[in-house]
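K.L.:
With the sequence up front, the predicted model follows.
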Amino acid sequence: MVHDSKVLLIEDDAQRRHDLSIILDFVGEVVVATSSNGWLDTLLGGGHQLGDFFVAYIGVTPPEKAVGIVEAVAAWDKSLPLVLLGEALPEPKRSDERFRQQIIGRIDVPVGHAPLVDSLRRAQIYRDQQQSDPSRIYRRDAELFRSLVGASRAVCEVRRLMAQVADKDVTVLILGESGTGKEVVARNLHYQSSRREGPFVPVNCGAIPPELLESELFGHEKGAFTGAISTRPGRFELAQGGTLFLDEIGDMPLHMQVKLLRVLQERTFERVGGSKTFKADVRIIAATHRQLEELIQEGRFREDLYYRLNVFPIEMPPLRERTEDIPILINELIERLEREKRGSLQFSSGAIMSLTRHEWFGNVRELANLIERLVITHPYGLVNAQDLPKRYRHLGDEEVGEAMPAAVVEESSPRPSMQLAHDLPAANLPVHGLDLKDYLDNLEKTFITQALDDCNGVVARAAEKLRIRRTTLVEKMRKYQIQRADGGSA
């Protein structure tokens, strides 16, 4: 947990209140649970004050009563995001736009892990933006980093750089291997910029024949060359007022590099076969998987163009250098398929461990393709290590047998998310049921022990790996009587 605020839970059903409190506590939240009767007196009596909470979950029936409670909570803290629980989901008065924006989500009960942690992430984003600029709506940042999930230092650095340059009208050069998400970065930079209302026009410089690239970029007049039967605007014209994304800029032929350099310098261009000068009111974002410095040494890329493009570089890390993000990416890809109603599946910890040992030369694109393939071959099932295609199996027999149920974590900027996959035949609740609290306690204890072992007993590093505060980890170690790997106590 990366904040000091609490979760407010107002739920009239005692069993639901108890179960949801356990789940929220498991994912690292401090929960204050109460019923709707005298909820404010309960909070004030417990020493809680305005601003102590970053999200409120409200499950109240009937609808008439729920409306009153929601309005009261919203009026008590005007920057508090609200998530409504259950079937009776009241609609706010349409005349109060601010109140409608304060409700950031509605979750059916019983509450699942995926919608719960997603609501926590969105609540934190909403709260942070309300505190920094109340006129902004949280959805903008949620869209900005939506596909750039991950908790590794490399991805966090990419997000930091994006936040710095998104609203600056400067040229950006995105570097990285194929499949790392360079176009995702470019699109997010556009939609977070002041040009977001303008068009985003991508062009792959390596996919267009060299003799056609000039016409594709700048357009042509009728009769400019054989086959030019009509006037045609180019990508620069189509991108006016917006962003032009030049993908694979390293594959652009030298004669076109000269023409592009002139446009970047003069901010003007002419169509092929024309004399009229057009103003280039576009922001340029370029990307390449090639090493431009090496191309310059080989005489295949102009050094002056490189410096024009390299105003603000962003380097995308390959997936093999941030394998800790693989469970997060898997969860994001699965949830995307679920939203598109294309199926779902879950992974055992053995399968995830095997995937983290793969080289991933195709990067995130390769991972996405694998997930889509497995959704077809194992619809709504549990994927174990032996179910993976042969080239993705990197576990020995003894490791496969020892694999624990997996917890697939979704990146939350900055909050963590969790989706559990149980080692049951069909990944379902056992017929005889189970003690949820004992199950979650055992799972939490297992992961804490593993984190401490991986970090050689260093509590601070283990807390960082589990994405909770050190003091929270120490309390949980005392709760479960867990000793550090070096034999020291918590």
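P.N.:
Looks like it arrived, so ask away.
K.L.:
So L244: helix, strand or coil?
P.N.:
With DSSP: H, G, I helix; E, B strand; the rest coil as the basis, L244 sits in strand.
K.L.:
For the residue nearest to it when sequence neighbours are not counted, report the pLDDT, please.
P.N.:
If the residues on either side of it in the chain are set aside, L244 comes closest to V282, at 4.6 Å by C-beta to C-beta, 6 or more residues apart in numbering. Every residue, glycine included, has its C-beta placed from N, CA and C. In the predicted model, V282 carries a pLDDT score of 95.
K.L.:
in the stretch 51-200 of the chain, what spans have low per-residue confidence?
P.N.:
For the stretch 51-200 of the chain, the stretches with pLDDT under 70 are 87-101, 128-147.
K.L.:
cutoff 80 now
P.N.:
In the predicted model of the stretch 51-200 of the chain, residues 51, 61-66, 86-101, 112-115, 117-118, 121-122, 124-149 satisfy pLDDT under 80.
K.L.:
got it, and the stretch 301-450 of the chain?
P.N.:
339, 396-442.
K.L.:
Kindly provide the distance from the spatially most central residue of the chain to P81.
P.N.:
Note on the chain: the residue nearest the mean C-alpha position is V149, at 3.3 Å, using C-alpha atoms, centre = their mean. Distance, V149 to P81, using C-beta to C-beta, to the nearest Å: 21 Å.
K.L.:
can you check N310 too?
P.N.:
In terms of C-beta to C-beta, N310 sits 40 Å off from P81.
K.L.:
who has more neighbours, those two?
P.N.:
Comparing N310 with P81 by other C-beta atoms under 10 Å, the one with more neighbours is P81, at 25 against 15.
K.L.:
Any idea how many residues pack against the residue nearest to L244?
P.N.:
Neighbour tally, V282, other C-beta under 10 Å: 24.
K.L.:
any idea how far it is from L261?
P.N.:
Separation of V282 from L261 (C-beta to C-beta): 15 Å.
K.L.:
Repeat that for R373.
P.N.:
43 Å.
K.L.:
Compare those two (neighbour count), which wins?
P.N.:
L261 (17 against 11).
K.L.:
Give me the distance between that one and T42.
P.N.:
Computed as C-beta to C-beta, the L261 to T42 distance reads 67 Å.
K.L.:
likewise V263?
P.N.:
Going from V263 to T42 by C-beta to C-beta gives 65 Å.
K.L.:
The two - which one has more neighbours?
P.N.:
V263 (20 against 15).
K.L.:
close enough to count as contact, the more buried one and A280?
P.N.:
Yes. In this structure, V263 is within contact of A280 by C-beta atoms under 8 Å, at 5.5 Å.
K.L.:
list residues touching both of the two?
P.N.:
Shared contacts of V263 and A280, defined by C-beta atoms under 8 Å, 6 or more residues apart in numbering, comprise F236, F269.
K.L.:
picking that back up, now the residue nearest to L244: how far from M252?
P.N.:
Here the criterion is C-beta to C-beta. By it, V282 lies 16 Å from M252.
K.L.:
before we move on, what about L116?
P.N.:
Between L116 and M252 the computed distance is 47 Å (C-beta to C-beta).
K.L.:
These two: which is more packed in?
P.N.:
Taking neighbours as other C-beta under 10 Å, L116 and M252 compare with M252 leading, 24 against 21.
K.L.:
Now that that one has come up, it's in contact with L260, right?
P.N.:
Yes. With contacts counted by C-beta under 8 Å, M252 reaches L260, the gap being 7.0 Å.
K.L.:
which residues do those two both contact?
P.N.:
Residues touching both M252 and L260 (C-beta under 8 Å, 6+ apart) are L246.
K.L.:
Domain-wise, how is the protein divided?
P.N.:
Here the domain parsing of the chain from automatic domain parsing is 6-137, 153-317, 322-480.
K.L.:
How far off centre is the longest one?
P.N.:
Using C-alpha atoms, centre = their mean, to the nearest Å, we find the averaged C-alpha position of domain 153-317 to lie 26 Å away from the chain's own average C-alpha position.
K.L.:
Next: the first one.
P.N.:
Put simply, domain 6-137 sits 23 Å off its chain's centre (C-alpha atoms, centre = their mean).
K.L.:
Over to the last one?
P.N.:
What separates the centre of domain 322-480 from the centre of its chain is 17 Å, taken as C-alpha atoms, centre = their mean.
K.L.:
what's the first-to-last distance across that domain?
P.N.:
With C-alpha to C-alpha, to the nearest Å as the measure, the ends of domain 322-480 fall 31 Å from one another.
K.L.:
Show me the strands in the stretch 201-350 of the chain, by range?
P.N.:
For the stretch 201-350 of the chain, the strands defined by DSSP state E, counting those that start in this stretch cover 219-220, 232-233, 243-247, 268-270, 277-279, 283-288, 312-315, 346-347.
K.L.:
what's the closest of those to A460?
P.N.:
strand 312-315 (28.0 Å; C-beta to C-beta).
K.L.:
Summarise which helices and strands the closest one is packed against.
P.N.:
Under the contact definition 3 or more C-beta pairs under 8 Å, 6 or more residues apart in numbering; DSSP states H and E, strand 312-315 sits against helix 153-165, strand 172-175.
K.L.:
Buried residues, the first one. List them.
P.N.:
By that I understand helix 153-165. Residues of helix 153-165 classed as buried: V155, V158, R159, L161, M162, V165 (neighbour count, 16 or more other C-beta atoms under 10 Å).
K.L.:
quick one: the helices in the stretch 351-490 of the chain?
P.N.:
For the stretch 351-490 of the chain, the helices defined by DSSP state H, counting those that start in this stretch cover 363-377, 397-402, 436-454, 459-466, 470-480.
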